[in-house]
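Asks: Give me a 3D structure for the following:
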Amino acid sequence: MKVATALFTYNRSEHTDKVLKALSQNTVLPERLFVFQDGLAMDEHHGEWTKVNHMIKEIDFCPAELHISEYNKGLSESIISGINYVLKEYDAVIVLEDDCVPTENFMSYMTQCFLKYQNNKKVYSVSGYSWPIHLQGGTYDVYGCGRISSWGWGTWKDRWAKYNKDYELVRKMKQNEKMSRNLAMWGRDLEETLVGNVRGVCDSWAVFWALNVIMQEGICINPYESFIRNIGFDGSGVHCGVTDQGNIKCINQKREEFSLPDEIGFASETITAFAELYGSYTAANDSDNHKKKILVYGIGNFFLKNEKEINKNYYIDKFIDLYKKGYFAGKEIIKPVAIENCDYEKIVVMLQNREECMNIVHDLVQNHHVSKEKIQIGWEK
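Replies: Modelled structure (predicted):
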């Protein structure tokens with residue numbers, strides 16, 4: 001199997017230097033390193049852009065092929081076109097951006113994962129980044145997750161062939177019970193990112209990769225301890241603000257072999273832990289005879305703020321909403337007229353406006369014959 005490494009950079013010389021130095025110190029060096037430098041976007045970037053340009057021309061620790069764009073493509077086009085170019089010749093690609101600093105074992109880990117899972121077509125992505133969720137490591141060094149990470153990652157040619165820049169993906173997934181659950185379980189934030197793309201607030205290619213992998217019910221390999229440290233949240237990047245999101249525990253000892261399971265999927269503890277990050281407490285909450293079965297009226301911000309607490313105490317069977325349809329987190333969205341056909345112990349009204357809540361209670365009692373004793377106002381908890 002031929003594996004290439006692709007580095008995407010622009011005008012951050014200090015960041016690029018750290019990534020290249022770390023890459024050169026890896027126990028396994030890139031078979032071939034493709035460096036894609038985006039073209040200059042504005043004159044004030046010229047100085048730093050030139051420093052990066054000189055730097056990548058001096059790469060000598062492995063075979064390197066440079067691609068300097070004649071115009072500014074932007075992040076999304078640059079990465080998609082670069083990966084497509086590399087995978088014309090190679091079977092798999094390892095992808096780094098100029099703010100993802102690899103540990104010395106990163107390349108070895110990625111290569112071993114590629115070899116291990118190349119014939120498991122359910123595995124779509126391998127990441128060197130460890131999500132900041134609380135998981136207890138055990139026999140193996142990795143776990144299966146349903147969400148791709150774009151920080152030091154890789155995939156195979158045949159999996160990447162499923163990449164599709166389709167703005168209708170979220171809408172389509174919300175019309176299917178199973179797909180809506182998977183979407184909520186692994187990508188609660190993706191719809192907002194998609195809207196950001198449309199509005200020009202962001203330029204994310206990864207949102208489509210994440211959605212396509214969720215659509216295919218693909219497995220993503222993640223380590224319990226990270227092989228990647230993201231240094232881009234310092235205000236220097238076009239698409240990143242200032243946070244401590246990249247400050248996670250990294251593997252800091254040399255290792256030649258990694259323990260990788262023959263069979264890998266989604267453990268229940270991973271789904272539950274991911275709910276705190278980009279997942280969904282509703283999607284992770286399986287039916288429990290000890291929990292009351294409820295209908296929730298309203299799927300707005302007030303519900304989302306209280307979703308964890310509600311699912312701790314109840315099992316949501318369906319949602320009621322006047323305007324939305326389809327499914328949310330695997331639960332059917334119904335209109336009030338369908339309540340009479342439902343089996344439930346309580347209807348919890350999750351709207352923040354008091355007057356609106358009172359109007360809904362009145363409508364439920366008068367027009368849909370729901371007993372007042374079976375109605376709970378969310379804000380009265």
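Asks: what mean pLDDT does the helix or strand that contains Lys293 have?
Replies: Per DSSP states H and E, Lys293 falls inside strand 292-297. Mean per-residue pLDDT for strand 292-297: 96.
Asks: next structured bit after it?
Replies: helix 301-313.
Asks: What is the burial count for Ser150?
Replies: 18 (other Cβ atoms under 10 Å). Just so you know, the C-beta spots here come from the backbone N, C-alpha and C atoms, and that holds for glycine as well.
Asks: close enough to count as contact, it and Val207?
Replies: No - Ser150 is not in contact with Val207 according to Cβ atoms under 8 Å; the separation is 9.6 Å.
Asks: Against Ala206, how distant is Ser280?
Replies: According to Cβ to Cβ, to the nearest Å, Ser280 and Ala206 sit 19 Å apart.
Asks: more crowded one of those two?
Replies: Between Ser280 and Ala206, Ser280 has the larger neighbour count (other Cβ under 10 Å), namely 26 against 17.
Asks: quick one: contacts for the more buried one?
Replies: 184-185, 188, 307, 329 (Cβ atoms under 8 Å, 6 or more residues apart in numbering).
Asks: Neighbours of Arg32, how many?
Replies: There are 17 residues near Arg32, going by other Cβ under 10 Å.
Asks: any idea how far it lies from Val86?
Replies: Going from Arg32 to Val86 by Cβ to Cβ gives 9 Å.
Asks: buried set for the helix or strand harbouring Glu269?
Replies: Here Glu269 is covered by helix 268-274, with elements defined by DSSP H and E. For helix 268-274, a neighbour-count test (16 or more other Cβ atoms under 10 Å) marks 270-274 as buried.
Asks: which outside residues touch the helix or strand containing Gly154?
Replies: Gly154 belongs to strand 153-156 when elements are defined using DSSP H and E. For strand 153-156, contacts defined as Cβ under 8 Å, 6+ apart pick out 3, 91-95, 110, 113-114, 118, 124-129.
Asks: Buried ones from those, can you make that a ChimeraX selection?
Replies: Here is the ChimeraX command that picks out the buried ones among these, judged by 16+ other Cβ under 10 Å:
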select :3,92,93,94,95,110,113,114,118,124,125,126,127,128,129
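Asks: Need the overlap of contacts for Arg32 and Val86.
Replies: With contacts defined as Cβ under 8 Å, 6+ apart, the residues shared by Arg32 and Val86 are Ala4.
Asks: what's the biggest helix by length in the chain in contact with?
Replies: Looking across the chain with DSSP state H, the single longest helix is helix 354-368. The contact list for helix 354-368, computed with Cβ under 8 Å, 6+ apart, reads 297, 336-337, 339-340, 347, 349, 351, 370-372, 375, 377-379.
Asks: how about a cut-off of 10 Å?
Replies: With contact meaning Cβ atoms under 10 Å, 6 or more residues apart in numbering, helix 354-368 is reached by 297-298, 302, 320, 322, 335-340, 347, 349-351, 353, 370-372, 374-380.
Asks: Distance check, Met179 against Asn212.
Replies: Counting by Cβ to Cβ, the separation of Met179 from Asn212 is 12 Å.
Asks: Which residues are in contact with each of those two?
Replies: By Cβ under 10 Å, 6+ apart, the residues touching both Met179 and Asn212 are Leu169.
Asks: Quick one: the helices in the stretch 151-300 of the chain, in order.
Replies: Applying DSSP state H, counting those that start in this stretch to the stretch 151-300 of the chain gives helices spanning 157-160, 169-173, 177-186, 190-199, 206-215, 268-274, 281-284.
Asks: Make JSON lines from those and add mean pLDDT and distance to Glu58 to it.
Replies: As requested, the helices of the stretch 151-300 of the chain are exported to JSON lines (pLDDT from 0 to 100; distance: least, Cβ to Cβ, whole Å):
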{"stretch": "helix 157-160", "mean pLDDT": "98", "distance to Glu58": "30"}
{"stretch": "helix 169-173", "mean pLDDT": "96", "distance to Glu58": "42"}
{"stretch": "helix 177-186", "mean pLDDT": "97", "distance to Glu58": "41"}
{"stretch": "helix 190-199", "mean pLDDT": "94", "distance to Glu58": "36"}
{"stretch": "helix 206-215", "mean pLDDT": "97", "distance to Glu58": "30"}
{"stretch": "helix 268-274", "mean pLDDT": "95", "distance to Glu58": "41"}
{"stretch": "helix 281-284", "mean pLDDT": "96", "distance to Glu58": "49"}
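Asks: Indicate which one of the ones you listed is closest to Ser78.
Replies: Nearest to Ser78 among those is helix 206-215 (12.6 Å), distances taken as Cβ to Cβ.
Asks: Distance from the closest one to the middle of the chain?
Replies: Taking Cα atoms, centre = their mean, to the nearest Å, one finds the center of helix 206-215 at 8 Å from the center of the full chain.
Asks: Can I get that helix in PDB, CA atoms only?
Replies: The C-alpha trace of helix 206-215 is given here as PDB (Å, rounded to 0.1, in the frame of the first residue of the first chain):
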ATOM      1  CA  ALA A 206     -14.500  19.000   6.800                       C
ATOM      2  CA  VAL A 207     -18.300  19.500   7.500                       C
ATOM      3  CA  PHE A 208     -19.100  17.500   4.300                       C
ATOM      4  CA  TRP A 209     -16.500  14.800   5.100                       C
ATOM      5  CA  ALA A 210     -18.100  14.400   8.600                       C
ATOM      6  CA  LEU A 211     -21.600  14.300   7.200                       C
ATOM      7  CA  ASN A 212     -20.800  11.800   4.500                       C
ATOM      8  CA  VAL A 213     -19.100   9.500   7.000                       C
ATOM      9  CA  ILE A 214     -22.100   9.700   9.300                       C
ATOM     10  CA  MET A 215     -24.400   9.000   6.400                       C
END
